[in-house]
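Asker: Here you go, sequence then predicted model.
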Amino acid sequence: MSKTRISIIGEDFYINGQKTYPESPKNEVRGLLMNARFIQGIFDAQDGRERFNRYTRIFDPDRNTDDLIAQLPDWYRYGLRAFTVGLQGGGACFSFDDCACYMNNPFSEDGLSFDGAYAARLDRLIRAADALGMAVIVNFFYFKQNPRIKDAAGILNALRTGLDFLLAGGYTNVLIDIANEHDIRERGLHEIISTEEGMATLIHIAKEHCQRRFPISCSFCGGAVKKQVAQAADFILIHGNGCSRQQYYTTVRRAREWAPGKPVVCNEDSQALGNMAASVRAHVSWGYYNNATKQEPPTDWSVRAGEDFFFANRMAMELGLPHDDIPAAEQVYLQGLAADETVDGKRWIRAASLFPEQIDRVDFYLDGQPAYTCYDEPFSFRYESNWYMAPLHDREWRRKIKAVVHRRDGGVIELAGEKK
């Protein structure tokens, strides 16, 4: 029997008939659904798992799911009340140039069947979340995998097949994200997903098919909102990828102008904790997305030192919940040097911070020589976007890396490390 029942009233989320975070002294955060992108929670590489034997670990799909389940209580303690898991996963975009080169798709080509092993992993993940009091945002289609479904009829079949599985499970803690960033337009993608009219139609079909048992939505690319889709959805899913705090706030305003009276949920942004703070102030649920530690199988689902730990504690602070007391000297961290963050001689180096808004810039040095300056959070070496950075190769440096953090108040903190 289900323990956790998720529902929506106005712009707020309720769990078992009560606004979320009733334990918080901050009335303004009640009704939020703080979440994380754990998109690879039921991932498999059906055409060759051995490619994912890396980061000092062996990949096993069942262990991957069970490891996530084991870590959920720790995330819950800090205030996480939902996470997104993908039926077709997401992109291991740091280590693969083309995320379509591996097969991670539980649907048959005609969409009429759903792989039993994926179904079993999804079932125990949803039930584990239910037991804790967490919701699961189930994402159906990912643009690098949905072309494996033959045509628009196959997409419709797959949508109904997936909904039938969730209905049969009797889950009451599930929300639906039909497609991750549905508005991506690339050659070969199904227009029923990638066009505004097609997605609005899919949302209406899903609502009718599940008789409104599950709240239905889909997400957009970073900073985007589509009017017809927002108006059709039960809640509005936005992404903050590539957005400054101002751009993120503008996206929220646009969503509310086009579809007022609905919850707005970001279920994918970055490690940019300043965006999270802006989101909470706007009464918008925020989604932590760390593709360096949480989207590269085999995934370490723990609250890792650095970015994960800072996110968890900053979330608890924003929500008014108990959190760890982190000394000022430990509120910055040089990330990306660990052996289990390295693949094919590549590392993704960044200076993580509990309060990135307090930082003016970070200067990076390799073997004592100036190498790069980053002015925008999350302060990565070779920053390309708040969610993406180019790698540093072993051949480019010998042993020592240093990050000099310049605070806005004039303070300077030096972080140093060596290749391991």
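Answerer: Looks like it came in fine.
Asker: just the helices in the chain please.
Answerer: Counting by DSSP state H, one finds helices in the chain at the ranges 61-77, 116-132, 152-169, 191-194, 196-209, 227-232, 245-258, 273-281, 307-319.
Asker: how about those helices in JSON lines, adding distance to Asn53 and mean pLDDT?
Answerer: Every residue, glycine included, has its C-beta placed from N, CA and C. Below are the helices of the chain laid out as JSON lines (distance: least, CB to CB, whole Å; pLDDT from 0 to 100):
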{"stretch": "helix 61-77", "distance to Asn53": "12", "mean pLDDT": "98"}
{"stretch": "helix 116-132", "distance to Asn53": "19", "mean pLDDT": "98"}
{"stretch": "helix 152-169", "distance to Asn53": "29", "mean pLDDT": "97"}
{"stretch": "helix 191-194", "distance to Asn53": "32", "mean pLDDT": "93"}
{"stretch": "helix 196-209", "distance to Asn53": "37", "mean pLDDT": "97"}
{"stretch": "helix 227-232", "distance to Asn53": "39", "mean pLDDT": "98"}
{"stretch": "helix 245-258", "distance to Asn53": "37", "mean pLDDT": "97"}
{"stretch": "helix 273-281", "distance to Asn53": "32", "mean pLDDT": "97"}
{"stretch": "helix 307-319", "distance to Asn53": "23", "mean pLDDT": "98"}
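Asker: Go ahead and confirm Val362 touches Cys374.
Answerer: Yes: with contact defined as CB atoms under 8 Å, Val362 counts as touching Cys374 (5.0 Å).
Asker: Quick check: neighbours shared by these two?
Answerer: Common contacts of Val362 and Cys374, defined by CB atoms under 8 Å, 6 or more residues apart in numbering, comprise Ala351.
Asker: Pick out whichever of these two has more residues nearby.
Answerer: With neighbours defined as other CB atoms under 10 Å, Val362 and Cys374 compare such that Val362 has more, 28 against 20.
Asker: Give the full set of residues in contact with the more buried one.
Answerer: By CB under 8 Å, 6+ apart, Val362 lies in contact with 351, 373-374, 379, 403-406.
Asker: which ones among the residues you listed are found in strands?
Answerer: 351, 373-374, 403-406 (DSSP state E).
Asker: Quick check: ChimeraX command selecting the buried ones in the contacts of Val362.
Answerer: Buried members of those, defined by 16 or more other CB atoms under 10 Å, are picked up in ChimeraX with:
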select :351,374,379,403,404,405,406
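Asker: nearest to Trp397, of the contacts of Val362?
Answerer: Ranked by distance to Trp397 (CB to CB), these are led by Ala403 at 13.2 Å.
Asker: Would you mind confirming that the closest one makes contact with Asp363?
Answerer: Yes: applying CB under 8 Å, one finds Ala403 in contact with Asp363, separated by 7.2 Å.
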